[in-house]
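Asks: Give me coordinates for this.
(2 chains)
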Amino acid sequence: MEQPKILGIPIGPHATAEEPLPRVPHVYNDRSMGWVTQRICGIVEGPTPLWWWLALAFFGSIALIGTGCIVYLISTGVGVWGLNHPVGWAWDITNFVFWIGIGHAGTLISAVLFLTRQKWRTSINRASEAMTLFAVICAGIFPGIHVGRVWMVWFLAPIPNSNAIWPNFRSPLLWDVFAVSTYFTVSVIFWYMGLIPDLATLRDRASNKLARYAYGFLALGWRGGNRQWRHYEMAYLLLAALSTPLVLSVHSVVSFDFATSVIPGWHTTIFPPYFVAGAIFGGFAMVLTLMLPARAIYGLHDLITDRHIDVMCKIILLTGSIVGYAYCMEFFTAAYSGNPYEQWVFLRNRMADPFIFSKIFDVPVAPYWWAYWAMMSLNVISPQIFWMRWARHNIYVVYAVCMCVNAGMWFERFVIIVTSLHRDFLPSSWGMFHPTWVDIWTFAGTHGIFVSLFLLFIRFLPMIAIAEVKGVLPEADPHYQPPEKKSHPAHEAEVPV
Amino acid sequence: MKRTFQHPAEPKTGKKYWRSVEELADTPKFREWLSREFPAGAAELEMDGLSRRSFVQLMGASLALAGLGFSGCRRPEIHFAALSKSVEWSIPGKALYYTSAMPTRTGAVPLVVTTYDGRPTKIEGNPLHPASNGATTLHAQASILDLYNPDRSKIFLENGKESDRQKFDAYLAGLLPKLAASAGAGLAFLADVNNSPTRERLKQEILKKYPQAKWAVHDPTGSLQAEAVATAFGPGVTLTPQIEKADVIVALDSDFLGLDSESTGYTRQFAARRKPPKEGGSSMNRLYVVENRYTLTGGMADHRLRLKASQIPALTVKLAQAVANLTGNNFAVTLAEIPLPVDQQWIDECAADLVSAKGKSLIFVGPRQPVATQILGFAINSFLGNIGQTITGFTQAVSQQIPLPELVKAIQQKAVSTLFILESNPVYTAPVDLKFDDSMKSVTDVVHLGLRKDETALVSKWHVPGTHYLESWSDALGPDGTYVPVQPMIQPLFGGLSANDVLAAVAGLKIPQGAEVVKETFAKVKETAGSTADWSSFLRNGYLENSAPSPAALTFSGPLAAAVSPPAEGVEVVFPPDYKIQDGSYIDNGWLQELPDPITKLTWDNAALMSRKMADKLGIGRPTHSDEQHLESEMIKITVEGRSLEVPAMVAPGHADDSITLPLGYGHAEGATGKIGRGSGFNAYQLVASAASYFAVATVEKTGKTYQLAITQEHNQMEGRAVVREATLEHFEEKPEFAKTMFMDSHSPPNISLYKNPDYTSPERKSPEQWGMVIDLNSCVGCNACVIACQAENNIPIVGKEQVINNREMHWLRIDRYFASAEDEHNETEPEMVMQPLGCQQCENAPCETVCPVNATVHSDDGLNVMVYNRCIGTRYCANNCPFKVRRFNFFNYNERPLEKMKIGPLPESSGLYFGPLTKKGTEDLIKMQKNPNVTVRIRGVMEKCTYCIQRIEEGRIQSRVKAGASDNLKIPTDSIQSACQQACAAEAITFGDLKDPDSRVAKLQDNPRRYRLLEYLNVQTRTSYLARLRNPNPKMPGAGKVADIYPDEHAEGHDSKDQHQGEGTHH
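Replies: Residues are numbered from 1 along each chain as shown, chains lettered A, B, ... in the order given. As a prediction, the model looks like this:
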């Protein structure tokens, strides 16, 4: 990468002295359509690399341990987790909200950015959508298994029955059920819709019969005709329009689980926008967490470009700052309201660390100060480095910040749930939460499931939307004139298969 | 049964179809036929009782012929009919109530026992008995679980090996002639303190037959009261303090509202005098307490002084001197120079207050304090002219008995060859210097009878499984001396013998078993009392009318010159019985083990209680907040006269410095307890010597080891939240509605609803009844009887120590205990202690109901927040959203889960794993017998909580409907339904009833100025409200200004303009 000059020209990676601010191409190095197809399909078609087997074995084992923990939980009782009487929800719902939050970036990238004509989305939307689905699967596990009587979970469904008992439509937990299942359904359809042209490409290129039949079956008879494309694009647009409000609704509804309650620290009207911003924040961090290694391993630097990373870092910076604002606003609300219960939760359950704030306010150290300050520093302070351009362009810095945000967003949910519950109104029933090994391994297990599914995804499906990327290539422009100097076959020859 | 069906009116238009010619004719006969539930055979069934009876007879006969009937007649001597033969007056599923009494050391608790299909399930007080208001003590409530303890003694043991009744009978048959030949030389009895006239009669018979036999009693609680009373007032006297008549009470190390009262009377009388004058009380009494640790009595004190237990004798001398000076009595006892860390003004003003209430005051001295101190207490009472006024008593025939040390001496002199130990466990409880277990080895024949296979049972030649008091006939004297029956409810479950059975056998009586032996005593008592009551009315009423002995003319003749030893220097260790398991006899009672100690909130263990200052001196750190829950307590080593014991230390606010309290009763030997008591606590008896049975000088050191304690309430402060509200009587009279304007309630704006809440307060409320509860914090002493009553009534499981450590206890009703102090809430030196019973508050606008996704918790028309267990899937959202945290989640299958830790395959036991599906599950049948059939036994994964005993409400409703018949008078009689907690409460602090019924007590209490509701500002509209607590300090006492002044009062002053009626939802 060229080092940009600060005041003098040039500044961008494609800038020249003559053209200081050129339109940055979506795909670098003037790659041709054929190169794109070859490169992306090559990942799926090539032999399975050894690292993939090792990674799958590792994460698959973790997924199995997690599944074993779930079996133990269901067969024995929720008591195998560390939950107790003031703290009725802890890691279960923390993990649920954490995964649901991660599941936000995918649909935001594919739907909202589609509607706003952000063409750079094309090279990251497929993987982010896949990530969304896998995260929602992981999220969906927790509300299902955390209940005391799993075998009665069907009571949540509005099934007409002889007792004439319906679910309680006033309960945010029921809204959750509807919101998450709708979100998952729409996301699956949206993702699969987008996959169809690429599945057809894989079908057409398949060298063995099994792959041809499998991809052929999934491609639903796609032939790439003009009429098919017209229908396809209209359907895609409609689904994007359908998904966009869901991006906002799902996490708003999840936030209602807390916002509609009476517990200080939960009973907060700022939660819906704050949760949505946090979800986008955490989701983008997870997208980068997955994409950066994939890009490095498969050499996709021309498709997932530095510009993509730069833009996503800016979104992380923006949403991280919104989240930081929300944290401070909660504080202000508690302080300004004069409500001693609210003030207690924020100051004395969360903020009063042993070094500074407990001394400033002359209060005992908050039991969960470490969780609160982990959240604050990981979520609010760490992304501020992205104000600096060099940080957005240094892969290692970006990756470190993304890992901070991933951890920080988990802590955010932990702080909201556990530190509010553990000391609420009556001091007599205050307690603490301590996770058991089952708590820890169930959470680790969902990571195993998540990564395993992602590994399967990149092995068997095109991780970048081939057709969409081609659509943003200069070649796709009807008025495109190929530069004479460059010859496409030469580029294609470079592609390692 | 004839039912009236409410057929809908025929539609006025349209065709009319008919099904039969009869219907078309519509004759009255046809209408009657239609309205019968069983038209075909109903006539025969309801003609009269005869034909139904003959039907039952035929059924029984055919069953017997079929061979099945043999199961019903395995014991020919049984007086109870097996229910397969259908008792005439027994309706399956309907409870029957019988009177009985629970024997205690100081006077039986008169009871009414609920039985279902022949099995007793619940114990209540006998409301007919003059000394009972239908309330019960904690231990009476819990005692039913001992009957069904799966680990109770079930088989005869001979030298530790299994034996049976026949062999024991044969042994006795061989023994008796030998004893008769020697006139009882070498025969001795050792029994627990028991005032049963039948036992006394049998004892006299035995002593008549075997004149040389010895009879010893042993009181493991270390009470010296009987000796003190006998010395001061003459032998045979039993005192009955008239607390109700006392205006000023001084308790010197006396826990007369807790440990030192084994019946409900003291609490009831005391609570009756805590009502402020405005509420019908004459005047409020004033209580001074001097004690080394917080007790329930100390919690009720208006002035409390913490003082080492060993300094209390000296304080008593000083108080006696002060009173004697003021009353002009001659008081000769002087101690040279008693260094007491007590403000002389405290003693002088206390004495002045006592003198101002001459004849209407009362001094209690702890029954374990030295006899001389107790006599001094009587002396003060006599100076004040209280004898015959507030202190009355009655006399009984004096019974010949020797104390335990004398018996041990006789054993050591080889003068005992046959020893009967009845319901006593001396190997465990005897003072350690007597070396009872070693001495016992020289006795050739030791016959031990007890309910548990305890330490003594293990080393006796014979162990006879004892019977529970609900299994055998006996009698007792109530707290006021009335004659009460101890009536069995069920045949001995495991064929054990009662102490009376064994005594009767030894006495060679012809009828060794059953009611006959009691009947004989009854006849004699009846004759003495001049009563005309017959046996059946005696059993029906549960006491013999007019059998209370007439008050004795008491004259104090105590030897005042008796030496009162000066207080010992250094650290003292005090050994009171435990609040829950007492002297250790309840060690296997799961309810009591898991019940939080009323003061320390400790479960499953005992600990060495000490002040913060003492802990600091020993280097015992303060637990930080983050390990509050998994409280690892440091172990200390207490050494008394070379005997030492390692126990976990626990800081107890309000404890005297240089003093350690170590409750007795825990730490039983391996094998001497059942599953429940195994490994529970530390044996303080190891430090108790006969000369220093209550307090001893000790050396204490830190060991560096730690021990995990299970405590249900770790946070002791209210953090200024005015959860429990209190004021002084003076403040209350000035500002009667003080409780309504405290904390948030003083300034939170009125709640304005954006939409209409379900309004249960309006006149057109749907149900004719609207239930509510008021808890008077001024009366509640925190005795915990309600908690166990709730547990027994509602089939609440115990969860075990590990689960309590993880805050998973299941009590639906808990008693919150807070320490508070005027200057600094976190002051642990001399805080005030307040109690608050807290069950579900039955919010009208319940936060739990809106959040349940499956409609498992809903509101009933009569204002209850009901819980539908079958519908609950266990999201725990309701519990999270409950501001009072009163909902309890069944994390494991606690009703089916064995308490002991699981060990499966090679996994170490310490792994703490519990493999639900792989573990042998199931409640033991014996425990199932206690379950209330009207309450669901909940499985795992279900939320549960208090529903104001909805089963009792429904029972009452059904009864009133049955009574109403076809009439419209469906009203449930006023105050006819009691919740279990209310019924058990001796202080009558809990009032439950219909808010809509203007005559009900609970409706009247709605207007009480002291009434307030918790978290009013949340607009949850709780149906349970509280009456604020009042204290009645003496303004002249040092520190009087700090009493009950535990909240920053600035809010209460500045916001008087606030609308008083806002948020008063159920206000009439």
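Asks: measure the nearest residue to residue A:122 once chain neighbours are set aside to chain B for me?
Replies: Leaving out its chain neighbours, the residue that sits closest to residue A:122 by C-beta to C-beta, 6 or more residues apart in numbering or on different chains is residue A:468, at 4.0 Å. (Glycine included, C-beta is placed from N, CA and C.) Separation of residue A:468 from chain B (C-beta to the nearest C-beta, to the nearest Å) stands at 39 Å.
Asks: Which helix or strand contains residue 249?
Replies: Picked chain A for this. Assigned by DSSP states H and E, residue A:249 belongs to helix A:226-259.
Asks: My question was about chain B, not that one.
Replies: Here residue B:249 is covered by strand B:248-252, with elements defined by DSSP H and E.
Asks: circling back: wouldn't the residue nearest to residue A:122 be in contact with residue A:125 here?
Replies: Yes: using C-beta atoms under 8 Å, residue A:468 makes contact with residue A:125 at a distance of 7.1 Å.
Asks: returning to what we had before: and the strand holding residue B:249, how far out from the chain's middle?
Replies: 23 Å (C-alpha atoms, centre = their mean, to the nearest Å).
Asks: got the contact list for residue B:660?
Replies: B:571-574, B:608-610, B:614, B:638, B:698, B:700 (C-beta atoms under 8 Å, 6 or more residues apart in numbering or on different chains).
Asks: Inside helices: which ones of these?
Replies: residue B:614 (DSSP state H).
Asks: quick one: which of the contacts of residue B:660 is nearest chain A?
Replies: Nearest to chain A among these is residue B:609, at 19.5 Å by C-beta to the nearest C-beta.
Asks: State the distance from the residue nearest to residue A:122 to residue A:297.
Replies: 22 Å (C-beta to C-beta, to the nearest Å).
Asks: ok, the two, which is more surrounded?
Replies: Taking other C-beta atoms under 10 Å in any protein chain shown, residue A:468 and residue A:297 do not tie; residue A:468 has more neighbours (20 against 13).
Asks: and the more buried one, helix, strand or coil?
Replies: Assigned with DSSP: H, G, I helix; E, B strand; the rest coil, residue A:468 falls in the helix class.
Asks: Does residue A:45 touch residue A:207 like I think?
Replies: Yes: counting by C-beta under 8 Å, residue A:45 touches residue A:207, with 7.1 Å between them.
Asks: number of nearby residues for the residue nearest to residue B:415 when sequence neighbours are not counted?
Replies: Leaving aside its chain neighbours, residue B:415 sits nearest to residue B:186 (6.8 Å; criterion: C-beta to C-beta, 6+ apart). A count of nearby residues for residue B:186, using other C-beta under 10 Å, gives 22.
Asks: and residue A:96, what helix or strand is that in?
Replies: Under the assignment here (DSSP H and E), residue A:96 is part of helix A:91-107.
Asks: next one: residue B:549
Replies: Assessed by DSSP H and E, residue B:549 sits outside every helix and strand.
Asks: so what's it up against?
Replies: Residue B:549 sits next to B:394-396, B:481 when contact means C-beta under 8 Å, 6+ apart.
Asks: hmm, back to that, tell me the buried residues in the helix holding residue A:249?
Replies: Along helix A:226-259, these residues count as buried under the neighbour rule (16 or more other C-beta atoms under 10 Å in any protein chain shown): A:228, A:232, A:236, A:239-240, A:243-244, A:246-259.
Asks: averaged over its residues, what pLDDT does that helix have?
Replies: When pLDDT is averaged over helix A:226-259, the result is 91.
Asks: again with stretch A:78-88
Replies: Rounded mean pLDDT across stretch A:78-88 is 90.
Asks: I'd assumed residue B:194 was in a strand, is it?
Replies: No: assessed with three-state DSSP, residue B:194 is coil; it does not lie in a strand.
Asks: Just give the closest residue to it, not the sequence neighbours.
Replies: Closest to residue B:194 by C-beta to C-beta, 6+ apart is residue B:103, at 5.6 Å.
Asks: What is the neighbour count of that neighbour?
Replies: Neighbours of residue B:103 under the rule other C-beta under 10 Å: 25.
Asks: Could you check the pLDDT of it?
Replies: 90.
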